[in-house]
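# Could you work out the structure for the sequence below:
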Amino acid sequence: MERHTSRREFLLAAGGVAAGVGLGAVIAVEPARATPIATQEAIRKVVGSARINPGKVKLELPPLIENGNTVPLAVSAESPMTEADHVKAIHVFTEKNPQPDVVSFRFGPRAGRARAATRVRLADTQTVVAIAELSDGSFWSASADVVVTLAACLEGV
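Modelled structure (predicted):
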């Protein structure tokens, strides 16, 4: 006698196979980890071969943070914000997060000032770098060291 599989049995079996395949894929994948070298590569993608000058950028982060899940970050760049002289973008990079490029803020002369604030996740104690791209093609930077006592961005736990 021929036995037919019910719809419920088929869905349970298919779900079990899909879960097993998905679990295998999760276990086999290494978590993304930025390194200082990966951070430098990400910065070079933004600036190319241009020289990065220190100054004109102010990066505000607490030097010591208890929890890396919500770290307040404010960044600004000095500029008259005129059509001829303005900040085009400010890019923020980290060296130990899963991805080195954290955020890019875009500005134009009508923005009035080049300032942005947000909260970021930091995976560990690390250096955060902000680079401002000006309309004349120059790049300016600032960095801040942040000590994180409870890390965020944990993958593969």
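
# For the rest of this, base every contact and every neighbour count on C-alpha atoms.
Noted.

# buried ones in stretch 111-131?
113-115, 121-131 (16 or more other CA atoms under 10 Å).

# list the helices and strands whichever strand or helix holds His91 packs on?
According to DSSP states H and E, His91 maps onto strand 87-94. Packed against strand 87-94 by the contact rule (3 or more CA pairs under 8 Å, 6 or more residues apart in numbering; DSSP states H and E) you find helix 36-47, strand 71-77, strand 101-106, strand 126-134.

# Tabulate the buried residues of stretch 111-131 in TSV, adding columns for pLDDT and distance to Leu12.
Formatted as TSV, the buried residues of stretch 111-131 follow (pLDDT from 0 to 100; distance: CA to CA, whole Å):
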residue	pLDDT	distance to Leu12
Arg113	96	58
Ala114	97	55
Arg115	98	53
Arg121	93	38
Leu122	91	40
Ala123	86	38
Asp124	89	41
Thr125	92	45
Gln126	93	46
Thr127	94	48
Val128	96	48
Val129	97	49
Ala130	98	50
Ile131	98	52
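
# Relative to Ser143, which of those residues is nearest.
Ser143 has its nearest neighbour among the buried residues of stretch 111-131 in Val129, at 4.3 Å by CA to CA.

# which parts of the biggest strand by length in the chain are buried?
In the chain, taking DSSP state E as the definition, the longest strand is strand 139-150. Within strand 139-150, the residues that count as buried by 16+ other CA under 10 Å are Phe139, Trp140, Ser141, Ala142, Ser143, Ala144, Val146, Val147, Val148.
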